[in-house]
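> this one's sequence-less:
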């Protein structure tokens, strides 16, 4: 059994997004208290403030973008050794375009028998619209939430798969705008401000987590065109990030935090998503996400609304536990690192073994396993709810469910990058 927590009063940070849910549920359902932990959850202004809080110790851990612990560890942005013992969810994001862009693009889309657009909607149909804007002397601009966010990489992936260049970074030259050679200019906007920024006309679209795509539908200011589930099925989304020093100084506390989060994740997916309405009610409180119940429910209870009235079933839009969603796979880390390389945030070629080494220093399935085995011993979980710890090597089988059908094998990142028409690869350096 795990010993008493070395530190019991804890403060965790989060951003107002649906997928902070495991923290809210671990708190509201008493799972933290069951572990002898007294937790305060505190919304943060933006992803940078949140990361800085974990680095300087004001926060003991936080709901983080998967790219944040990796970028911090390799020194893209603030350098610090952040680790993750727990992946928070799969999927959960979307790409929304302004009404003007949608009206220009819609006639180009293939239709279903009922006249509604066929999904997934590819960026190939956006390309001529960007050309139209260019002919009118207008730039095409999109918002994403942070340079090392899943949203930035998903948006870039979607655009590039349709032949639209999303721009390069060149940190070695001091250029971190990410707009070199760009046909679509991407910039940062914090998630809750996305709808207002779109409405003001500052951007033509955005990629963000829920509920901020559904909010655009409810307000009538834009149309979500694709979810990340359709860009890369069951892609890893947020992680729980902690300072490596914290995990070494307080090992029992760390195990107990992961235990509580695992129980929350299981609750969120239990009974075939039967607990989701209750989760939505909790999340709609102003101290958590603070969006209307109906807006959060629109994507969290198994559906997703694209154009107003075009609601489709996506039971796996938010996944918290099934498909081993909580396990910190090295291959997930390598995918994010590969995209940092593809777009120049990693400015020069790295060996496959470098990717493996960084993944293993940040993603910590060993910490996860300790917590999982405790829960199995206590009867809260069963072994079949987890990967087989005796044989699991941390790399998923090659995945092929991407919008461009390019297969991904996490053990061979350099070969993976060679398959893309748009993007840095091999020894290319800007």
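Sure thing, it's come through. It should be emphasised that the depicted structure is a prediction, and the values quoted were computed from it without experimental measurement.
> in this structure residue 185 contacts residue 144, no?
No: in this structure, residue 185 is not within contact of residue 144 by C-beta atoms under 8 Å, at 11.0 Å. The C-beta positions use only the backbone N, C-alpha and C, and glycine is treated the same way.
> these two - which one has more neighbours?
Taking other C-beta atoms under 10 Å, residue 185 and residue 144 do not tie; residue 144 has more neighbours (28 against 16).
> residues in contact with the more buried one?
151, 152, 155, 186, 187, 188, 189, 206, 207, 208 (C-beta atoms under 8 Å, 6 or more residues apart in numbering).
> just send those back as TSV, with distance to residue 14 and neighbour count too.
TSV is the format used below for these (distance: C-beta to C-beta, whole Å; neighbours: other C-beta atoms under 10 Å):
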residue	distance to residue 14	neighbour count
151	16	27
152	19	25
155	22	28
186	24	25
187	23	16
188	18	16
189	18	22
206	20	31
207	19	29
208	15	30
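> what's the closest of those residues to residue 104?
When the contacts of residue 144 are compared for distance to residue 104 (C-beta to C-beta), residue 206 wins out at 17.1 Å.
> and the closest one, that one's in a strand?
Yes: under the criterion used here (DSSP: H, G, I helix; E, B strand; the rest coil), residue 206 sits inside a strand.
> can you pull the contacts of it?
Per C-beta under 8 Å, 6+ apart, neighbours of residue 206: 95, 96, 142, 143, 144, 189, 194, 197, 198, 212.
> isn't the fourth one right next to residue 198, touching?
Pointing back at residue 143 there. Yes: when contacts are counted by C-beta under 8 Å, residue 143 is listed as touching residue 198 (7.4 Å).
> now do the shared contacts for those two.
Residues touching both residue 143 and residue 198 by C-beta under 8 Å, 6+ apart: 205, 206.
> higher neighbour count, the two?
Taking neighbours as other C-beta under 10 Å, residue 143 and residue 198 compare with residue 198 leading, 27 against 24.
> picking that back up, could I get the contacts of residue 206 as CSV with distance to residue 219 and secondary structure?
Output for the contacts of residue 206, formatted as CSV (distance: C-beta to C-beta, whole Å; DSSP: H, G, I helix; E, B strand; the rest coil):
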residue, distance to residue 219, secondary structure
95, 17, strand
96, 11, strand
142, 18, strand
143, 16, strand
144, 20, strand
189, 16, coil
194, 11, helix
197, 12, helix
198, 9, helix
212, 10, coil
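> all strands of the stretch 101-250 of the chain, in order?
141-144, 168-170, 175-180, 185-188, 205-209, 222-227, 238-243 (DSSP state E, counting those that start in this stretch).
> mean confidence score for the helix or strand residue 296 falls within?
Assigned by DSSP states H and E, residue 296 belongs to helix 293-300. With pLDDT averaged residue by residue, helix 293-300 scores 95.
> tell me what it is packed against?
For helix 293-300, the contact count by 3 or more C-beta pairs under 8 Å, 6 or more residues apart in numbering; DSSP states H and E identifies helix 214-219, helix 276-283, strand 303-305 as packing neighbours.
> what's it in contact with?
18, 92, 94, 210-211, 213-215, 217-218, 276-277, 279-281, 283-284, 289, 304-305, 311, 314, 317-318.
> buried among those? Make that a ChimeraX selection.
Buried members of the contacts of helix 293-300, defined by 16 or more other C-beta atoms under 10 Å, are picked up in ChimeraX with:
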select :18,92,94,210,211,213,214,215,217,218,276,279,280,283,284,289,304,305,314,317,318
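> distance of residue 249 from residue 60?
From residue 249 across to residue 60, the span is 11 Å (C-beta to C-beta, to the nearest Å).
> settle it for me: which of these two has more neighbours?
Taking neighbours as other C-beta under 10 Å, residue 249 and residue 60 compare with residue 60 leading, 23 against 12.
> and the more buried one, its phi and psi?
As for residue 60, its main-chain torsions (degrees, to the nearest 10) stand at phi -90, psi -10.
> for residue 403, same thing?
Main-chain torsions, residue 403, degrees, to the nearest 10: phi -60, psi -30.
> next one: residue 318
phi -120, psi 120.
> got the contact list for it?
Contact analysis of residue 318 by C-beta under 8 Å, 6+ apart lists 18, 19, 21, 89, 90, 91, 92, 210, 299, 300.
> most neighbours, which of those?
residue 21 (30 neighbours).
> tell me where the longest helix sits in this protein.
Counting residues, the longest helix found in the chain (DSSP state H) is helix 251-273.
> quick one: that helix to chain centroid distance?
How far helix 251-273 lies from its chain's middle: 19 Å, per C-alpha atoms, centre = their mean, to the nearest Å.
> contact partners for residue 110?
By C-beta under 8 Å, 6+ apart, the contact set of residue 110 is 117, 118.
> give me that answer again for 6 Å
Shown in contact with residue 110 (C-beta atoms under 6 Å, 6 or more residues apart in numbering): residue 118.
> same question for residue 302.
273, 315.
> quick one: it and residue 155, what's the gap?
Per C-beta to C-beta, residue 302 is found 24 Å from residue 155.
> likewise for residue 115?
Counting by C-beta to C-beta - residue 115 and residue 155 are separated by 28 Å.
> show me what the host helix or strand of residue 356 is packed against.
Assigned by DSSP H and E, residue 356 falls within helix 352-362. Judged by 3 or more C-beta pairs under 6 Å, 6 or more residues apart in numbering; DSSP states H and E, helix 352-362 is in contact with helix 67-74, helix 330-342, helix 413-418.
> check the offset of the next helix-or-strand element following it from the chain's centre.
Counting by DSSP H and E, the element after helix 352-362 in chain order, helix or strand, is helix 365-378. In terms of C-alpha atoms, centre = their mean, the centre of helix 365-378 is found 24 Å from the chain centre.
> give the buried residues for helix 365-378.
Buried-residue list, helix 365-378, by 16+ other C-beta under 10 Å: 365, 367, 368, 369, 370, 371, 372, 373, 374, 375, 376.
> what sits against the first one?
By that I understand residue 365. 328, 394.
> next, count neighbours for residue 294.
As a burial measure, residue 294 scores 12 neighbours (other C-beta under 10 Å).
> distance of residue 26 from residue 326?
From residue 26 to residue 326 the distance is 12 Å (C-beta to C-beta).
> many thanks, have a good one.
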